[in-house]
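> Coordinates only, no sequence provided:
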């Protein structure tokens with residue numbers, strides 16, 4: 001039985017994640033859990049150097065109009081903490097490890113990743129502890145998003161968003177810092193796409 005892993009970084013770059021996932025150690029951890037292939041979407045960053053002796057069948061690509069099919073084909077997704085990526089993976093019922101880019105902490109990825117983890121939908125980590133987390137996926141018993149019920153995730157995102165808005169009210173007349181406003185717009189677009197998908 002084919003069991004694939006998709007690594008996705010979205011439309012930007014997350015070189016530390018990409019490079020980590022092609023290391024011998026990362027690939028051996030995945031192989032030991034029965035995964036047979038690895039697809040890496042490296043965004044606008046450089047394509048990783050793949051060893052000809054890789055224990056997993058490994059391919060990579062930069063950008064494409066949609067990775068929905070790649071997500072569907074995967075058993076496990078290791079992705080950046082983008083709202084769109086999280087929604088799509090949960091909508092398709094995939095095991096998900098959300099990796100926070102520590103270089104982008106101002107965009108509140110940690111709050112979003114921590115919330116979906118605390119609600120049992122995904123595992124969250126940084127590159128620092130990703131290899132340890134990958135060994136725990138099979139034992140995590142992650143919950144699936146109930147079909148036709150995106151409100152569960154919407155509620156989780158709203159909780160994380162309004163927490164940050166409250167923290168920044170003293171800094172802005174509207175209660176929204178620039179990073180929070182960027183997150184708000186991103187979430188709004190993702191929620192709209194999800195709502196359309198369920199209609």
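Arrived safely, thanks for sending. Every value quoted in this text rests on a predicted model; they were computed, and no experiment measured them.
> centre of the chain versus stretch 122-129, how much separation?
Chain-centre distance of stretch 122-129: 10 Å, with C-alpha atoms, centre = their mean, to the nearest Å.
> is it true that residue 13 touches residue 42?
Yes. The pair residue 13 / residue 42 is scored as a contact, 7.2 Å apart, by C-beta atoms under 8 Å. To be clear about C-beta, it is placed using only N, CA and C from the backbone, and glycine gets the same treatment.
> more neighbours, these two?
Counted by other C-beta atoms under 10 Å, residue 13 and residue 42 do not tie: residue 42 has more neighbours, with 23 against 18.
> Relative to residue 53, how far out is the more buried one?
20 Å (C-beta to C-beta, to the nearest Å).
> same question, residue 64
Distance from residue 64 to residue 53, by C-beta to C-beta: 28 Å.
> ok, now which ones touch the most centrally placed residue in the chain?
In the chain, the residue lying closest to the centroid (C-alpha atoms, centre = their mean) is residue 79, at 3.0 Å. Residues in contact with residue 79, defined by C-beta atoms under 8 Å, 6 or more residues apart in numbering, are 6-10, 85-86, 89, 96-99.
> Please give the element, helix or strand, for it.
Assigned by DSSP states H and E, residue 79 falls within strand 76-80.
> List the buried residues in that strand.
By neighbour count with 16 or more other C-beta atoms under 10 Å, strand 76-80 contains the buried residues 76-80.
> repeat for stretch 124-143
Applying 16+ other C-beta under 10 Å to stretch 124-143 flags 124-127, 130-131, 133-134, 137, 142 as buried.
> Tell me which two of the residues you listed sit farthest apart.
Taking C-beta to C-beta as the measure, the buried residues of stretch 124-143 span a maximum distance of 20.4 Å, between 127 and 142.
> pLDDT for the buried residues of stretch 124-143 - can I get that in a markdown table?
Shown next, in a markdown table, are the buried residues of stretch 124-143 (pLDDT from 0 to 100):
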| residue | pLDDT |
| --- | --- |
| 124 | 96 |
| 125 | 95 |
| 126 | 94 |
| 127 | 96 |
| 130 | 97 |
| 131 | 97 |
| 133 | 97 |
| 134 | 97 |
| 137 | 92 |
| 142 | 91 |
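> want to try JSON lines for these, with secondary structure and distance to residue 49 as columns?
Shown next, in JSON lines, are these (DSSP: H, G, I helix; E, B strand; the rest coil; distance: C-beta to C-beta, whole Å):
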{"residue": "124", "secondary structure": "strand", "distance to residue 49": "28"}
{"residue": "125", "secondary structure": "strand", "distance to residue 49": "24"}
{"residue": "126", "secondary structure": "strand", "distance to residue 49": "23"}
{"residue": "127", "secondary structure": "coil", "distance to residue 49": "18"}
{"residue": "130", "secondary structure": "helix", "distance to residue 49": "19"}
{"residue": "131", "secondary structure": "helix", "distance to residue 49": "19"}
{"residue": "133", "secondary structure": "helix", "distance to residue 49": "24"}
{"residue": "134", "secondary structure": "helix", "distance to residue 49": "21"}
{"residue": "137", "secondary structure": "helix", "distance to residue 49": "26"}
{"residue": "142", "secondary structure": "coil", "distance to residue 49": "32"}
